[in-house]
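>>> structure of the sequence below:
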Amino acid sequence: MIAPSTPDTTPLPPLRLERARGRAEVGFKSRDGLTVLDRLFQEGQAKIRLPKSHGGDPATAVLINTAGGIAGGDRLVYGARFGAGTRAVVTSQAAERVYRSSTTDGSLAGEVSTRLEVEAGAFAEWLPQETILFDRAALDRRLEVEMASDARLLLTESIVLGRAAMGERVETCRLVDRFRIRRGGRLIFADTLRLDGRAGEILAGSATGGGAAATATVLWVAPEAEGRLEALRALLAGLDSEAGASAWDGLVCLRLLHASARTLRDDLVRILLHIRQADLPRVWSC
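Residues are numbered from 1 along each chain as shown. Purely as a prediction, here's the structure:
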């Protein structure tokens, strides 16, 4: 007779989930009056593609996250340098997706860090498509810009809570979104958005669109920006999104809120077309 074996009660080691890491950097320089590629670096799931520009369109770099989204603990680092006298656009292939985190306290958030350097006389455009947060997503994002005193900048960032067309609803999430912009070594814009907890309740107030599920920020830093404030406010008055604009110290800041991500995107496109006086990068219409 074989004696029964003693069960092994040794605790199993904690499960270590694989995390994604990616870094992508691009640099532009001026050569014979044209903006051309100066530097390209990509690592991990962060990639950059450089489509050909036609008809006087600015040089364009397209960011791609080949992981298909961001999970808790993932880290993406982006960088772009716009050399003196250049004009270029950095955008994204599609909307970024942030999936649910395995923790609820934000201790395992996805991280995205971006640094832009805009040198003398350059015009930089940072125009990624929207970031979609799923239920229980956690994201810590930082955007830092160092620009010369005579440089110009147009940037936008938009956040969407869930895909309404798919019947998705974000009950809880954690988002910390930081902007820091310095011109000529002086801080001219500092902004932090923090959304932590029950998203529907937090955004239910009148100051946040009465239940907005999508929000966008547009920042335009240029000598002519303040002079275009009234024209921009007239444009906002005809939009469906709740929107406002303020101007100071050579910059204009616009905010948009709406319950519908599709409506907010349409309104955002109208604003960017008005400022740029040109079509958006082709990936925006793909």
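>>> so which residues of the stretch 151-286 of the chain form strands?
152-161, 172-183, 186-198, 214-221, 242-248, 251-258 (DSSP state E, counting those that start in this stretch).
>>> now these as CSV including mean pLDDT?
Converted to CSV, the strands of the stretch 151-286 of the chain look like this (pLDDT from 0 to 100):
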stretch, mean pLDDT
strand 152-161, 96
strand 172-183, 94
strand 186-198, 93
strand 214-221, 96
strand 242-248, 96
strand 251-258, 96
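>>> out of those strands, flag the one nearest residue 268.
Relative to residue 268, the nearest member of the strands of the stretch 151-286 of the chain by C-beta to C-beta is strand 214-221, separated by 5.0 Å. For glycine as for every other residue, the C-beta is placed from the backbone atoms N, C-alpha and C.
>>> what lines up beside that closest one in the sheet?
As defined by DSSP bridges, the strand partners of strand 214-221 come to strand 152-161 (antiparallel), strand 251-258 (antiparallel).
>>> beta-bridge partners for the residue nearest to residue 195 when sequence neighbours are not counted, please?
Nearest non-adjacent residue to residue 195, counting by C-beta to C-beta, 6 or more residues apart in numbering: residue 175, 4.3 Å away. Beta-bridge partners for residue 175, by DSSP bridges, are residue 139, residue 195.
>>> residue 175: neighbour count?
21 (other C-beta atoms under 10 Å).
>>> likewise for residue 37?
15.
>>> sorry, back to before: give me every residue that touches the residue nearest to residue 195.
133, 137, 138, 139, 141, 159, 193, 194, 195, 196 (C-beta atoms under 8 Å, 6 or more residues apart in numbering).
>>> residue 272 reaches residue 126, doesn't it?
No: contact criterion C-beta atoms under 8 Å: residue 272 and residue 126 do not qualify, at 11.5 Å.
>>> may I see the buried residues of stretch 81-94?
81-83, 85-94 (16 or more other C-beta atoms under 10 Å).
>>> re earlier: can you put the strands of the stretch 151-286 of the chain in CSV and add distance to residue 31?
Formatted as CSV, the strands of the stretch 151-286 of the chain follow (distance: least, C-beta to C-beta, whole Å):
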stretch, distance to residue 31
strand 152-161, 20
strand 172-183, 26
strand 186-198, 30
strand 214-221, 25
strand 242-248, 35
strand 251-258, 30
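>>> closest one to residue 145 among those strands?
strand 172-183 (4.4 Å).
>>> ok and that closest one relative to strand 214-221, angle-wise?
Interaxial angle of strand 172-183 relative to strand 214-221 (axes from the mean of the first three to the mean of the last three C-alpha atoms, to 10 degrees): 10 degrees.
>>> so which bits of strand 172-183 are buried?
172, 173, 174, 175, 176, 177, 179, 180, 181, 183.
>>> and of those residues, the nearest to residue 216?
residue 177 (11.5 Å).
>>> would you turn the strands paired with strand 214-221 into CSV with mean neighbour count?
Converted to CSV, the strands paired with strand 214-221 look like this (neighbours: other C-beta atoms under 10 Å):
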stretch, mean neighbour count
strand 152-161, 22
strand 251-258, 21
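>>> mind giving me JSON lines with those and columns for distance to residue 211?
Shown next, in JSON lines, are these (distance: least, C-beta to C-beta, whole Å):
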{"stretch": "strand 152-161", "distance to residue 211": "10"}
{"stretch": "strand 251-258", "distance to residue 211": "9"}
